[in-house]
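In: Predicted model, plus sequence, below.
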Amino acid sequence: MKVRSKFDDLKTQTNIQYNSLAELTARASEWKEMWEHLPYIRPVNVTLRLGDSMGFREKHPVLGSPRWHFGQDFCCPIGTEVYATGAGIVAYAGNQHDGFGIKVVIDHGYGYRTIYGHLSEFNVRQGQRVTRGDFIGLSGNTGTSTGPHLHYQIDLFGAHVNPLWYFQDNLTEEEYFMMLEYLSKP
């Protein structure tokens, strides 16, 4: 009788541990999926100088009136390669004549959306799946712009968030390109 009772206890414990492991495995898979979608790298070469950051402008450089700047600008020559900062689906690629000129918008899921503005050209199409590090276009000077640069913006559930919170800035140029190569492999 004692042996049977011990066996039943062991069987119950085994089932509990198995179910717990299955749940942990499922959560780990979800976290891995979410991590792949988070926009956490710079969209351009890590050595490029930062331009205007997110914040209030007393005077917009083109329009002349006070305005908010909702992203991070990168000073770069026209034709600088631009990369997807996280996995997602291209929600838009084109020119909506909204100030950003030619732009790419990526929906990363989990509430994240990134905008890459003032491009000279794009290399993706609406509905296309991208992974972190994929080449998506070239920087430019289109739209309401005072010179060649990339405007990069992160929205989280529709609210603008500071892109500087997401960058891994402790990389050398060589490490940045090695990371891009690694991340773009399936």
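Out: Okay, I see it.

In: pLDDT-wise, which helix or strand of this protein ranks last?
Out: Every helix and strand in the chain was compared by mean pLDDT, DSSP states H and E; the lowest is strand 55-57, with a mean of 61.

In: Counting neighbours, what do you get for residue 88?
Out: Around residue 88 there are 26 other residues, counting by other C-beta atoms under 10 Å. Quick note: C-beta positions are derived from backbone N, CA and C, even for glycine.

In: Please apply the same query to the one 4 residues further on.
Out: Using other C-beta under 10 Å as the criterion, residue 92 is surrounded by 17 other residues.

In: packing partners for the strand ranked longest in the chain?
Out: Secondary structure of the chain per DSSP state E: the longest strand is strand 112-122. Judged by 3 or more C-beta pairs under 8 Å, 6 or more residues apart in numbering; DSSP states H and E, the packing partners of strand 112-122 are strand 88-95, strand 102-109, strand 135-139, strand 149-156.

In: Nearest to residue 6, out of those strands?
Out: Closest to residue 6 of the helices and strands packed on strand 112-122, according to C-beta to C-beta: strand 102-109, at 47.6 Å.

In: Domains in the protein, by residue range?
Out: In terms of domains, the chain is parsed into 1-37, 39-183 (source: automatic domain parsing).

In: Pick the most buried one from those.
Out: Highest mean neighbour count of these: domain 39-183, a mean of 17 (counted as mean count of other C-beta atoms under 10 Å).

In: roughly how far is that one from the heart of the chain?
Out: 9 Å (C-alpha atoms, centre = their mean, to the nearest Å).

In: now swap in stretch 29-47 and tell me
Out: 6 Å.

In: from here on, count from 2
Out: Noted, 2 is the first residue going forward, which turns the last one into stretch 30-48.

In: residues contacting residue 153?
Out: Shown in contact with residue 153 (C-beta atoms under 8 Å, 6 or more residues apart in numbering): 44, 45, 72, 73, 74, 75, 86, 115, 116, 117, 118, 164.
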